[in-house]
Structures are given as C-alpha cells and as structure tokens.
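> Coordinates only, no sequence provided:
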C-alpha cells in the first residue's frame, strides 16, 4: 500500500468529522492516487514559474483545484487536502516528489 495513501487514510479516520467523507466517497487507493495525479497534472499544465522552496506551491495548487471544482474527482481532492494541512514544508516536498 502506498505510504502517502495510508497516512492520509489514517489521518482522516482519526478525525471523527472526517470519517463520514470517507464513507460517502470511494477513497480506494487506486482512485485516490489517480485523483491526486490528475490534480497535479492540472497544476503542471498551468506552467507556473518555479518556486525555489516548493515543488508545488499550495496557494497555486488550491487555485487550480478551485478552477476544476466541478471535476468528478474533486471530492477525493478534499480528502487529500485535509491530510495536506498536517504536513510541514519538507514533508510536502517529499510527497510531491514521491507521488
């Protein structure tokens, strides 16, 4: 199992308010990973100027996700986002490199 998916799942399951989202959306490993790859592709398609500190800047990433808020996979992105806010900068960069 992908460690990032497992960490995301564990975090969302640890917060009672977030558990219901997992029940209403098919957050399988395959669906979750495909959804985040798709979101990253939307980001890369924007050709943002590279940032010296972050592979993907969160403010730009949120902007891109908002542009695609009607995407069928947006519910999966919201689950990922709940996990992302727990990350520090180094962990976020590691996630972006490895995913």
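On my side now, so go ahead. A quick note: this is a predicted structure, and the numbers were derived from the prediction, not measured.

> Do you have the helices of this protein handy? List them.
Using DSSP state H, the helices of the chain run over residues 3-14, 16-24, 29-45, 58-67, 74-84, 89-98.

> Could you identify which of those helices has the lowest mean pLDDT?
Of all the helices of the chain, mean pLDDT reaches its minimum on helix 16-24 (a mean of 84).

> on contacts alone, who are the packing partners of that helix?
Contact partners of helix 16-24 among helices and strands, from 3 or more C-beta pairs under 8 Å, 6 or more residues apart in numbering; DSSP states H and E: helix 3-14, helix 74-84. C-beta: built from backbone N, CA, C; applies to glycine.

> so which of the helices of the chain gets nearest residue 52?
Residue 52 sits nearest to helix 89-98 of all the helices of the chain, at 11.5 Å, using C-beta to C-beta.

> What residues sit buried inside the closest one?
By neighbour count, and taking 16 or more other C-beta atoms under 10 Å as the criterion, the buried residues in helix 89-98 are 92, 95.

> For the most centrally placed residue in the chain, give me its contacts.
Closest residue to the average C-alpha location of the chain: residue 80 at 3.8 Å, with C-alpha atoms, centre = their mean. When contacts are counted by C-beta atoms under 8 Å, 6 or more residues apart in numbering, residue 80 touches 8, 32, 35-36, 39.

> what about it, distance to residue 17?
Distance check for residue 80 against residue 17: by C-beta to C-beta, to the nearest Å, it reads 16 Å.

> So which of the helices and strands packed on helix 16-24 has the densest surroundings on average?
Compared across the helices and strands packed on helix 16-24, helix 74-84 shows the largest average neighbour count, a mean of 18 (mean count of other C-beta atoms under 10 Å).

> Just want the angle from it to helix 89-98.
Put simply, helix 74-84 runs at 140 degrees to helix 89-98, going by axes from the mean of the first three to the mean of the last three C-alpha atoms, to 10 degrees.

> Surely residue 13 is in contact with residue 22?
Yes - at 6.8 Å, residue 13 counts as touching residue 22 under the criterion of C-beta atoms under 8 Å.

> With residue 97 as the reference, name the closest of the helices and strands packed on helix 16-24.
Within the helices and strands packed on helix 16-24, the stretch nearest residue 97 is helix 3-14; the backing value is 10.9 Å (C-beta to C-beta).
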